[in-house]
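# Here's my sequence, what's the structure:
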Amino acid sequence: MPEDRKAAAKVAPLRKTRPCPECGKPSNREHYPFCSNRCREVDLSRWLTGSYAIPVADDETKADYPDEEN
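The predicted structure follows:
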């Protein structure tokens, strides 16, 4: 087998399966980390509708330095 064909024959290792963040079933390689396209789209929908949000402090100076007083 020529050297260039050996390099092409190498396959990248698969990611370990893990529970789907939506339903808990084992993840699928095509939809990782989700088990299916349905679960992937449910998660995307939650992001787009604002169900998931990063909390923001009203006073940003207090959020950056919680131990110090102003």
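# so where is the protein shaky, pLDDT-wise?
Residues of the chain that meet the criterion pLDDT under 70 lie in 1-9, 12-13, 59-70.
# any idea where the helices of it begin and end?
3-9, 37-49, 60-64 (DSSP state H).
# For residue 25, see how far away residue 50 is.
Per Cβ to Cβ, to the nearest Å, residue 50 is found 26 Å from residue 25. C-beta coordinates here come from the backbone N, C-alpha and C atoms, glycine included.
# correction: residue 40
Using Cβ to Cβ, residue 40 is found at 13 Å from residue 25.
# Comparing these two, which residue is more hemmed in?
Neighbour count, other Cβ atoms under 10 Å: between residue 40 and residue 25, residue 40 has more, with 19 against 13.
# There's contact between that one and residue 31 in this structure, I believe.
Yes. Under the criterion of Cβ atoms under 8 Å, residue 40 makes contact with residue 31 at 5.2 Å.
# how deep is residue 55 tucked in, by neighbour count?
As a burial measure, residue 55 scores 5 neighbours (other Cβ under 10 Å).
# Stretch 26-33: end-to-end distance?
One end of stretch 26-33 to the other measures 9 Å (Cα to Cα, to the nearest Å).
# and if you look at stretch 27-39?
10 Å.
# Contacts for that stretch, please.
14-15, 17-23, 25-26, 40, 43 (Cβ atoms under 8 Å, 6 or more residues apart in numbering).
# which among the residues you listed end up buried?
20, 22, 40, 43 (16 or more other Cβ atoms under 10 Å).
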